[in-house]
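S.K.: How does the following fold in three dimensions:
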Amino acid sequence: LAFMQYRWVGQVSEGERDRMQRNLETAADQFRAAFDAELRNANRDLVVGSNTAREGGSPQYSQRYNFWLNNAEHPQIVADIYVVDAEGGHLRLRRFNNTTHAFEPSLWPESIDKLRPSFEKAYAASQAQRAPERGLFSDADDSLILSGLQNFEGVRPGSPIPRPTLPMFGYTVIQLDESYLRGQMIPALVEKHFTATGGDAYRVAVVGGSDSNKVLYRSSPEASTDAKRADASVQLLQPLRFGRNPGGRAGGGP
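M.R.: Numbers count the residues shown, from 1 in each chain. Modelled structure (predicted):
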């Protein structure tokens, strides 16, 4: 959720204010499109298919991973890729080794381990052949993107139609690198979309979800995270995360 507050200087006409407001809203929309595209592409290209999960890797997944790696503007945003599934009636976690292109047994990092009860419930639901309860992963960290395993084996975009696979229980979990998000990706996008002619004319803040106290980025100490003081706002990644609403939308005001 991003709040953009314009620093009004001097007296400007109503028409000029309207023009500046439209420019601000356009910049905000362009920022959102670039930000969302980076993470949507990662989610699209890195979600695991059932056969890849069964076999611990596949040529198709390696193709898609390499395609994403070579085409993403900010591939460093993805810290790790995991698969959660079950073996012998028990949950297991495997991590993608980007050297061997295989999913290998892994310890449970804290951010995923705290979701283990939710995964257990989802597994029990799958065994009973019913859908998992709504909002099961609503308390997942903002740094995680969860997707159910694909029941087809995806290939590199533009390749022939994916081949169907036998469905199985499991989830792809993409762990984002929040330090890179804060320190590299967001500042680069802010500089690209919110630098006005003649200097920095905007104060920009990006906050996590509906919590204005969780500040991911602030262009200056004066940048407000209060939705009521925002001159323009955009909501980032609303429909992306599995089974939950990642954030709300701020109101805009002068």
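S.K.: For the residue lying closest to residue 181 once chain neighbours are set aside, give me phi and psi.
M.R.: What sits nearest to residue 181 in space, not counting adjacent residues and going by CB to CB, 6 or more residues apart in numbering, is residue 77, at 6.1 Å. Yep, even glycine has a C-beta here, placed from its N, CA and C like the rest. Main-chain dihedrals, residue 77, degrees, to the nearest 10: phi -70, psi -20.
S.K.: Please name the residues that touch residue 77.
M.R.: Residues in contact with residue 77, defined by CB atoms under 8 Å, 6 or more residues apart in numbering, are 38, 39, 42, 176, 177, 180, 181, 185.
S.K.: Repeat the analysis, applying 7 Å as the threshold.
M.R.: For residue 77, the contacting residues are 38, 42, 176, 177, 180, 181, 185, by CB atoms under 7 Å, 6 or more residues apart in numbering.
S.K.: Using a markdown table, please lay out the residues you listed together with secondary structure.
M.R.: Converted to a markdown table, these look like this (DSSP: H, G, I helix; E, B strand; the rest coil):
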| residue | secondary structure |
| --- | --- |
| 38 | helix |
| 42 | helix |
| 176 | strand |
| 177 | coil |
| 180 | helix |
| 181 | helix |
| 185 | helix |
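S.K.: Relative to residue 143, which of these is nearest.
M.R.: residue 176 (4.5 Å; CB to CB).
S.K.: Pull the number of nearby residues for the closest one.
M.R.: Applying other CB atoms under 10 Å, we find 19 residues neighbouring residue 176.
S.K.: Would you list the phi and psi of the residue nearest to it when sequence neighbours are not counted?
M.R.: Distances taken as CB to CB, 6+ apart place residue 143 nearest to residue 176, at 4.5 Å, with adjacent residues excluded. Residue 143 adopts backbone torsions of phi -80, psi 0, taken as degrees, to the nearest 10.
S.K.: what's the spacing between residue 143 and residue 98?
M.R.: Noted for residue 143: a distance of 18 Å to residue 98, by CB to CB, to the nearest Å.
S.K.: try residue 107
M.R.: Look at residue 107 and residue 98: by CB to CB, they are 18 Å apart.
S.K.: more neighbours, those two?
M.R.: Using other CB under 10 Å, the more surrounded residue of residue 107 and residue 98 is residue 98, with 14 against 8.
S.K.: so who does that one touch?
M.R.: With contacts taken as CB under 7 Å, 6+ apart, residue 98 has no neighbouring residues.
S.K.: Specify the beta-bridge partners of the closest residue to residue 57 other than its chain neighbours.
M.R.: Using CB to CB, 6+ apart and skipping the chain neighbours, the partner closest in space to residue 57 is residue 102 (4.2 Å). For residue 102, the beta-bridge partners are residue 97 (DSSP bridges).
S.K.: Model confidence for residue 102, exactly?
M.R.: On the pLDDT scale, residue 102 is placed at 97.
S.K.: Then residue 133?
M.R.: The score at residue 133 is 85. That number is its pLDDT.
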